[in-house]
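Enquirer: any chance you can model this:
(one chain, ligands or ions: 1)
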Amino acid sequence: MEVGVVGKPNVGKSTFFSAATLVDVDIANYPFTTIEANVGVTYAIAEHPCKELGCRANPQNYEYKDGTALVPVKMIDVAGLVPGAHEGRGLGNKFLDDLRMASALIHVIDATGKTDAEGQPTDHHDPVEDIEFLEREIDYWMLGILKKGWEKFAKRIKLQHMKLEQAIADHLSGIGVKEGDVWEAIHRLGLGDDPTKWTDDELFAFVRELRKINKPMIIAANKADAASDEQIERLKKEGEKRGYIVIPTSAAAELTLRKAARAGFIDYIPGSSDFKVLKKMNPQQEKALQLIKERVLERFGSTGVQEVINRAVFELLKLIPVYPVQDENKLADQFGNVLPHVYLLPKGSTPRDLAYKVHTDLGRTFLYAVNARTHRRVGDDYQLEFNDIIKIVATAK
Ligand SMILES: Nc1nc2c(ncn2[C@@H]2O[C@H](COP(=O)(O)OP(=O)(O)OP(=O)(O)O)[C@@H](O)[C@H]2O)c(=O)[nH]1
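Expert: You can find the predicted model right below:
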């Protein structure tokens, strides 16, 4: 589950990515092994169970701060979006490769309207056009892949009585499309079960629907600090009309705050509406932070960056944090570490899914689980909930 940051040049995409991945705490043990140049680690931030239960956490694969859990999430900087990227223009193919890896997208737009379609300075560009343009790029890219050998493929599905959703999902597996996504797109559109009869319009409608399901997107209306209230309101309305969450952001402000926090000048939890000054700064730095306070934090309630990340993880990807423990009374592992690990799982996951996530062997030998809050035994019919604490019981190996 990776979150991609995408947007045309000069909208503040790199600033957003740098801010989001500038992490001022050390986590010994990231769950990720290969980190490429354009891949970073960000946090989704959620309330920690210890806030409610009054415990003291000893986190091992996440960070705990003031009653919140900072859960690492992989973020990809999807560079090279220019008109025609799906035909290989600009950094086209690299762009599409990165896009392939992303499960959800943060589309950064310039809310001020001062960058044109190619990222050049201008006075009047409508950022709503950028939203439609990105949709089109992805749609044509998916359509290109789907239509490769489509007629032959559709005939074969029919003649060999292949399972339609499965066959199409296999055909599109390179972009991470799953059978359930295909099923949902077909049913939303009411497409017939004979793909040889699908018209070009239907194929296009199908990829559009599939894109909405497979690459859900949130919009960061960036440079909000320099945009008018009317413009922000209009972008929210236009975005919502198209089914998007639109969050005003100031990536530049977030980057400054995180840098100041890392340097020890302030205490700042990403997403919060304030920060605490810890040591004396020079007048210039003081002024910069004062401006951020007035023009961003007081105006919008936060810089918006963390809200975008949280909503991408918890709403678009529908992930929930779950804490496995070995001792359901002490909420600890075998060494006495309280709530040492957290895992992000898709909503609807079961305790067995959690067991597999911890370790394949634990999944294979899973017997049942205990919900540490209720001390009740739960089985495969139990759907895990946000912040559940679960003891897994397995057969001895
Ligand atoms: N006012 C304001 N300016 C910003 C903000 N975020 C970025 N900028 C400015 O916008 C310009 C472009 O920022 P980048 O982060 O380089 O933009 P980009 O989209 O990554 O551009 P490319 O690297 O060319 O793809 C820089 O001058 C930033 O300082 C913001 O939140 N507010």
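
Enquirer: show the pLDDT at Val338.
Expert: As predicted, Val338 sits at a pLDDT of 97.

Enquirer: list the contacts for the residue in the chain sticking out farthest from the centre?
Expert: What lies farthest from the middle of the chain is Leu159; by CA atoms, centre = their mean that is 39.8 Å. Not one residue lies near Leu159 by CB atoms under 8 Å, 6 or more residues apart in numbering. C-betas here are computed from N, CA, C, even on glycine.

Enquirer: does the ligand sit close to the helix or strand hosting Asp77?
Expert: Per DSSP states H and E: Asp77 is located in strand 68-78. No: residues of strand 68-78 contacting the ligand under CB under 6 Å from any ligand atom: none, with a closest distance of 8.2 Å.

Enquirer: only the buried residues of that strand, if you could.
Expert: Thr68, Ala69, Leu70, Val71, Pro72, Val73, Lys74, Met75, Ile76, Asp77, Val78 (16 or more other CB atoms under 10 Å).

Enquirer: shouldn't the fifth one be in contact with Tyr43?
Expert: By that I understand Pro72. Yes: in terms of CB atoms under 8 Å, Pro72 counts as a neighbour of Tyr43; the distance is 6.2 Å.

Enquirer: the ligand: which of the buried residues of strand 68-78 is nearest?
Expert: Asp77 (8.2 Å; CB to the nearest ligand atom).

Enquirer: wouldn't the closest one be in contact with Asn38 here?
Expert: Yes: contact criterion CB under 8 Å: Asp77 and Asn38 qualify, at 4.2 Å.

Enquirer: quickly list what's touching both of these two.
Expert: Counting by CB under 8 Å, 6+ apart, the residues touching both Asp77 and Asn38 are Asp98.

Enquirer: give the contact list for whichever residue of the stretch 251-397 of the chain sits closest to the ligand.
Expert: Residue nearest to the ligand within the stretch 251-397 of the chain: Ala252 (3.5 Å; CB to the nearest ligand atom). Residues in contact with Ala252 (CB under 8 Å, 6+ apart) are Gly12, Thr15, Ala19, Lys223, Asp225.

Enquirer: what is the burial count for the fourth one?
Expert: If you count neighbours by other CB atoms under 10 Å, Lys223 ends up with 26.

Enquirer: which neighbouring elements make contact with the lowest-mean-pLDDT helix or strand in the chain?
Expert: Least confident helix or strand of the chain, by mean pLDDT, DSSP states H and E, is helix 92-101 with a mean of 75. Using 3 or more CB pairs under 8 Å, 6 or more residues apart in numbering; DSSP states H and E as the contact test, the elements touching helix 92-101 are strand 2-6, strand 68-78, helix 127-147.

Enquirer: out of these, which gets nearest to Asn282?
Expert: strand 68-78 (29.5 Å; CB to CB).

Enquirer: as PDB, could you dump the C-alpha coordinates of that closest one?
Expert: Extracted C-alpha coordinates of strand 68-78, given in PDB (Å, rounded to 0.1, in the frame of the first residue of the first chain):
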ATOM      1  CA  THR A  68      -0.700   9.600  19.000                       C
ATOM      2  CA  ALA A  69       0.800   6.800  16.900                       C
ATOM      3  CA  LEU A  70       2.900   7.700  14.000                       C
ATOM      4  CA  VAL A  71       2.700   4.800  11.600                       C
ATOM      5  CA  PRO A  72       5.200   4.600   8.700                       C
ATOM      6  CA  VAL A  73       3.800   4.600   5.200                       C
ATOM      7  CA  LYS A  74       5.700   4.400   1.900                       C
ATOM      8  CA  MET A  75       5.400   7.500  -0.300                       C
ATOM      9  CA  ILE A  76       6.400   7.700  -4.000                       C
ATOM     10  CA  ASP A  77       7.200  11.000  -5.700                       C
ATOM     11  CA  VAL A  78       5.600  10.400  -9.100                       C
END
